[in-house]
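Novice: using only what follows, build the 3D model:
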Amino acid sequence: MTFPAPLECVLGLLRAIETGGGAEALGPFLAGDFVLTEAPHLLAPQGSTRNRSEVLDGAERSGEVVSGQRFEILRSTCEGGRVVVEAEWSATAEMDLPYWDRGDEIRARTASVFEVLNGRITSQHSYDCYYQPA
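Specialist: The predicted structure is shown next:
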């Protein structure tokens, strides 16, 4: 069986997020044992670790929190099944959040390390730095 290249798989996931995809759109990119680990950041000061089910549940509700998610890929690299992506992420707040009001643009510089096996993402480690544009 032929699987998509690891970078193609990761970029497909990011495109699905940009289109506002919920669980149905994101699910095909994630392995059954997928784990997302987020380093501490403004919105999750303790960081977080979520399994596939929790990530897909969050994707179903993400439109209540943000809209218009966009990833501007700055750099990417691939070594075997490991893909590293550095990007500028932006979205519009759909509710009042600790540092943003509804309607504000949220921006972050992100770096994520993905592990891909047999055409599915098995893990993602994200390092997000939120900021206010000058």
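
Novice: from now on I want contacts and neighbour counts done on CA atoms only, so please keep to that.
Specialist: OK.

Novice: who touches stretch 1-13?
Specialist: The set of residues external to stretch 1-13 that reach it, using C-alpha atoms under 8 Å, 6 or more residues apart in numbering, is 26, 29, 78, 80-83, 114, 116-121.

Novice: now the buried members of those.
Specialist: Among the contacts of stretch 1-13, those buried by neighbour count (16 or more other C-alpha atoms under 10 Å) are 26, 29, 81-83, 114, 116-117, 119-121.

Novice: which ones among the contacts of stretch 1-13 lie within strands?
Specialist: Residues of the contacts of stretch 1-13 located in strands (DSSP state E): 78, 82-83, 114, 116-117, 120-121.

Novice: which parts of this protein are helices?
Specialist: 6-18, 23-26, 52-65 (DSSP state H).

Novice: same list, those, but as JSON lines with mean pLDDT and distance to residue 95 please.
Specialist: Shown next, in JSON lines, are these (pLDDT from 0 to 100; distance: least, C-alpha to C-alpha, whole Å):
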{"stretch": "helix 6-18", "mean pLDDT": "97", "distance to residue 95": "18"}
{"stretch": "helix 23-26", "mean pLDDT": "96", "distance to residue 95": "21"}
{"stretch": "helix 52-65", "mean pLDDT": "96", "distance to residue 95": "6"}
